[in-house]
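Student: Build me a structure from this.
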Amino acid sequence: MSSEQRADIEAILDERAARLARIRAAMVREAEGMRDSELAHVDNHPGDLGTDVHDEELDETAGIFFDEEERRIAEARKALAAGRYGICTVCGRPIEPERLRAVPEAVRCIDDQRRFEGRHRQQTGH
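Tutor: Predicted structure coming up:
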């Protein structure tokens, strides 16, 4: 891999990480704004508690997804630094360029990713 290609990949991963940080920050600001806009911090209706719990669960779920994407970006950066970027961690074959353009943090070829997700669905029932 040329230094120019490496720099391009680093820039793409940096942009993905920055985009993720912007989305996360916007969600936090929105959640804080919603809490601050309440007329009272005492629930007036029992349904309010259910709505609050639902919103908190959505925020927590989004945080889990963000954490996972940040982990995958960090993993791709490590692979890039080690000279393994674009090589499937399972079979050792090159990951298709189309896949890397779509998902630059991919660490598995499409076939191994499908198998990975299939096993996950079998184990979790989802």
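
Student: Could you check how far residue 62 is from residue 1?
Tutor: As judged by CB to CB, to the nearest Å, residue 62 and residue 1 stand 34 Å apart. The C-beta positions use only the backbone N, C-alpha and C, and glycine is treated the same way.

Student: Of these two, which one has the most company?
Tutor: Remark: of residue 62 and residue 1, residue 62 carries more neighbours, 14 against 11, as counted by other CB atoms under 10 Å.

Student: any idea which element that one lies in?
Tutor: When secondary structure is defined by DSSP states H and E, residue 62 falls within helix 46-82.

Student: Can you name the element that comes right after the lowest-mean-pLDDT helix or strand in the chain?
Tutor: Among the secondary structure pieces of the chain, namely its helices and strands, helix 46-82 has the lowest mean (mean pLDDT, DSSP states H and E), a mean of 83. On the C-terminal side of helix 46-82, the closest following helix or strand by DSSP H and E is helix 97-102.

Student: just checking, next helix/strand downstream of that following helix?
Tutor: With secondary structure assigned by DSSP H and E, helix 97-102 is succeeded by helix 110-124.

Student: What helices and strands are in contact with the helix or strand harbouring residue 16?
Tutor: Assignment of secondary structure by DSSP H and E places residue 16 within helix 3-36. Taking 3 or more CB pairs under 8 Å, 6 or more residues apart in numbering; DSSP states H and E as the contact definition, the neighbouring helices and strands of helix 3-36 are helix 46-82.

Student: List the buried residues in the helix it packs on.
Tutor: 69-70, 72-73, 76-77, 79-80 (16 or more other CB atoms under 10 Å).

Student: Could you tell me the angle between that helix and helix 3-36?
Tutor: Interaxial angle of helix 46-82 relative to helix 3-36 (axes from the mean of the first three to the mean of the last three CA atoms, to 10 degrees): 170 degrees.

Student: tell me which strands and helices helix 46-82 is in contact with?
Tutor: Using 3+ CB pairs under 8 Å, 6+ apart as the contact criterion, the neighbours of helix 46-82 among helices and strands are helix 3-36.

Student: and the helix it packs on, how far from the chain's centre?
Tutor: In this view, helix 3-36 has its centroid 10 Å away from the chain centroid, taken as CA atoms, centre = their mean, to the nearest Å.
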